[in-house]
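Undergrad: Next one to model:
(chains A, B, C and D)
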Number of protein chains: 2
Amino acid sequence: MITLLVVDDHPVVRDGLTGMLASDPDFDVVGQAADGAEAVRLARTLRPDVVLMDLRMPGTDGVAAIAELTRLGVPSRVLVLTTYDADAYVVPAIEAGATGYLLKDAPRDELLRAVRAAARGESVLAPSVAGRLMHRVRTPGAGPLSPRELQVLELVAAGRSNHEAAADLFISEATVKTHLLNIYAKLGVGDRAAAVAEAFHRGLFTPNG
Amino acid sequence: MITLLVVDDHPVVRDGLTGMLASDPDFDVVGQAADGAEAVRLARTLRPDVVLMDLRMPGTDGVAAIAELTRLGVPSRVLVLTTYDADAYVVPAIEAGATGYLLKDAPRDELLRAVRAAARGESVLAPSVAGRLMHRVRTPGAGPLSPRELQVLELVAAGRSNHEAAADLFISEATVKTHLLNIYAKLGVGDRAAAVAEAFHRGLFTPNG
DNA sequence: CACGGGATCCACCGATCGGTGGAGGGCGCC
DNA sequence: GGCGCCCTCCACCGATCGGTGGATCCCGTG
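TA: Just a heads-up that it's a prediction; the model follows:
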């Protein structure tokens, strides 16, 4: 018997997962949470075998929740289940201590197999996610953007010129340009427009009307 | 008794919706589909009262499916249920003939109420979606990008210079610049980087690793 | 302590871009 | 036919940007 905690901000998905898992007598969903903070609270008291965790949630997000569980030494295995397979989600989630990473378009039986595997402590990765990880280890110099670089890129995406961005950050325009050159190198692009596009592709930015 | 067709490419969501609706004796889920083409096929034969339709799906997407149902004169009401509330989805879906537009983070009871309302032929809109529509009517000159403009913007997002983009499209650089100026005006931005960001925000571009 | 990395700054140059103010042809709709 | 929209093209200018090749400071790790 495997006990589970289902974490997702969409009620539809929570119910879907719970229902799907309830159809199998091996599984017992002992709790549900709609955000990261609630997830940590419930995981600490319920101590489920597996936590099915979405990443993008209002308030405390999934990665922060995973890190917190790891820090607290909660023995539950965390299986990430999300729609997004962007770099910016995959790597931090695994670094934070996730046991597996699945995408929501996974078929029913694959999900059930993954939960069983996670309960045994095995690592389960969706194919595209695995590919992303391989690519990551094979690309050494392409580290992530520093916080400052991300700030600069956000301003650029907001239409600020180098000069304006410098004023916003209380630094010189030269520094902004240096940051941008480093950003281009890290993202493998040649200008600010492509850098913004790449930031969206990597999940550094999230589209929000 | 309200008959329903559930359309979503995620098995988890399909099951979640079906389960949620099955708990109420007024509803009867008579079919499920994983993409737009299947949705049209099933809707024609099953003739459900309401079609719960996701928009982003592999193959035929939701908007195309809605348009096809309208064209065929299928009497089912279509209630869009998706994660995305970007301009580029909302307006086309409603133009295509959707009766309502809900977001997946809607609570359980709101969803049930919306389905009943849709079955009666009433229009139901999520608050943020309604806001978008209001804004749309209040902003007259801000029409959508033309196909050509979208092409240009895509090239710019890919890091092409005006000169390179012109070569790609077999037009002069002057034309590319004209298109870009029109794009800036339509998107309400001042440079190419901000235009790319705005395109992602409006759902004109979709992030994809 | 030494090393590396992040953040800051400078001067200088050529290339590119944003902006103006036009113009003409084609297509669909009323 | 006229109107509007889309696509196309031109010349010119100032502002901005990309790129080079440095430099200093601070901080945390080994």
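Undergrad: what does chain A put close to DNA strand C?
TA: Neighbours of DNA strand C within chain A, by C-beta under 7 Å from any atom of the strand: A:143, A:146-149, A:166, A:169, A:171-172, A:174-175, A:177-179, A:191. (C-beta placed from N, C-alpha, C; glycine too.)
Undergrad: Repeat the analysis, applying 10 Å as the threshold.
TA: Counting by C-beta under 10 Å from any atom of the strand, the residues of chain A close to DNA strand C are A:140-141, A:143-152, A:159, A:161, A:166, A:169-179, A:181-183, A:186, A:190-193.
Undergrad: Spell out for me which residue occupies the centre of chain A.
TA: By C-alpha atoms, centre = their mean, chain A has its centre lying nearest to residue A:89, at 2.9 Å.
Undergrad: For the closest residue to residue A:60 other than its chain neighbours, give me its contacts.
TA: Excluding the flanking residues, the one nearest residue A:60 by C-beta to C-beta, 6 or more residues apart in numbering or on different chains is residue A:36, at 3.0 Å. With contacts defined as C-beta atoms under 8 Å, 6 or more residues apart in numbering or on different chains, residue A:36 is in contact with A:7, A:57, A:59, A:60, A:61, A:62, A:64, A:65, A:68.
Undergrad: Which members of the residues you listed occur in helices, if any?
TA: A:62, A:64, A:65, A:68 (DSSP state H).
Undergrad: Which of these are buried? Put it as a PyMOL command.
TA: Burial among the ones in helices among the contacts of residue A:36 is assessed by 16 or more other C-beta atoms under 10 Å in any protein chain shown; the matching PyMOL selection reads:
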select buried, chain A and resi 62+64+65+68
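Undergrad: returning to that earlier point: which strands and helices sit next to the strand or helix carrying the residue nearest to the centre of chain A?
TA: Element membership for residue A:89, per DSSP states H and E: helix A:87-96. The criterion is 3 or more C-beta pairs under 8 Å, 6 or more residues apart in numbering or on different chains; DSSP states H and E, and the helices and strands that helix A:87-96 contacts are helix A:62-72, strand A:100-103, helix A:127-138.
Undergrad: out of all of them, which helix in chain A is the longest?
TA: helix A:173-187.
Undergrad: Quick check: closest non-adjacent residue to whatever residue of chain A ends up closest to chain B.
TA: Proximity to chain B, evaluated over chain A using C-beta to the nearest C-beta, is greatest for residue A:16 at 2.2 Å. Nearest non-adjacent residue to residue A:16, counting by C-beta to C-beta, 6+ apart: residue B:16, 2.2 Å away.
Undergrad: any idea how chain A splits into domains?
TA: For chain A, automatic domain parsing gives the domain ranges A:2-138, A:147-201.
Undergrad: which stretch in these has the least confidence?
TA: Mean pLDDT per stretch puts domain A:2-138 lowest among those, at a mean of 88.
Undergrad: Distance from stretch A:61-69 to the middle of the chain?
TA: 9 Å (C-alpha atoms, centre = their mean, to the nearest Å).
Undergrad: which residues are in contact with that stretch?
TA: With C-beta under 8 Å, 6+ apart as the criterion, stretch A:61-69 contacts A:7, A:36-37, A:39-40, A:43, A:51, A:53-56, A:60, A:76, A:78, A:80, A:82, A:89, A:92-93, A:96-98.
Undergrad: Please spell out which residues along stretch A:190-208 are buried.
TA: A:192-205, A:207.
Undergrad: again with stretch A:114-124
TA: For stretch A:114-124, by 16+ other C-beta under 10 Å, it's A:114, A:115, A:116, A:117, A:118, A:119, A:124.
Undergrad: OK, contacts around the fourth one?
TA: Residue A:117 makes contact with A:100, A:123, A:124 under the criterion C-beta under 8 Å, 6+ apart.
Undergrad: And the third one, by the same measure?
TA: For residue A:116, the set of contacting residues under the criterion of C-beta under 8 Å, 6+ apart consists of A:2, A:26.
Undergrad: What strand or helix carries it?
TA: Here residue A:116 is covered by helix A:108-119, with elements defined by DSSP H and E.
Undergrad: and that helix, how far from the chain's centre?
TA: Using C-alpha atoms, centre = their mean, the offset of helix A:108-119 from its chain centre is 19 Å.
Undergrad: one step back: please identify which of the domains of chain A is closest to residue B:129.
TA: domain A:2-138 (16.1 Å; C-beta to C-beta).
Undergrad: do that closest one and DNA strand D meet at all?
TA: No - judged by C-beta under 10 Å from any atom of the strand, domain A:2-138 and DNA strand D are separated, with a smallest distance of 15.2 Å.
Undergrad: and that domain, how far from the chain's centre?
TA: On C-alpha atoms, centre = their mean, the centre of domain A:2-138 falls 10 Å from the chain's centre.
Undergrad: Repeat that for stretch A:170-188.
TA: On C-alpha atoms, centre = their mean, the centre of stretch A:170-188 falls 26 Å from that of its chain.
Undergrad: got the contact list for it?
TA: A:142-145, A:148-149, A:152-153, A:156, A:162-163, A:165-166, A:169, A:190-192, A:194-195, A:198-199, A:202.
Undergrad: mind running it again at 6 Å?
TA: Among residues not part of stretch A:170-188, those counted as contacts by C-beta atoms under 6 Å, 6 or more residues apart in numbering or on different chains are A:145, A:149, A:152, A:153, A:162, A:163, A:165, A:166, A:195, A:198.
Undergrad: buried stuff in that stretch?
TA: A:176, A:179, A:180, A:183, A:184, A:186, A:187.
Undergrad: What count of nearby residues applies to residue A:160?
TA: 21 (other C-beta atoms under 10 Å in any protein chain shown).
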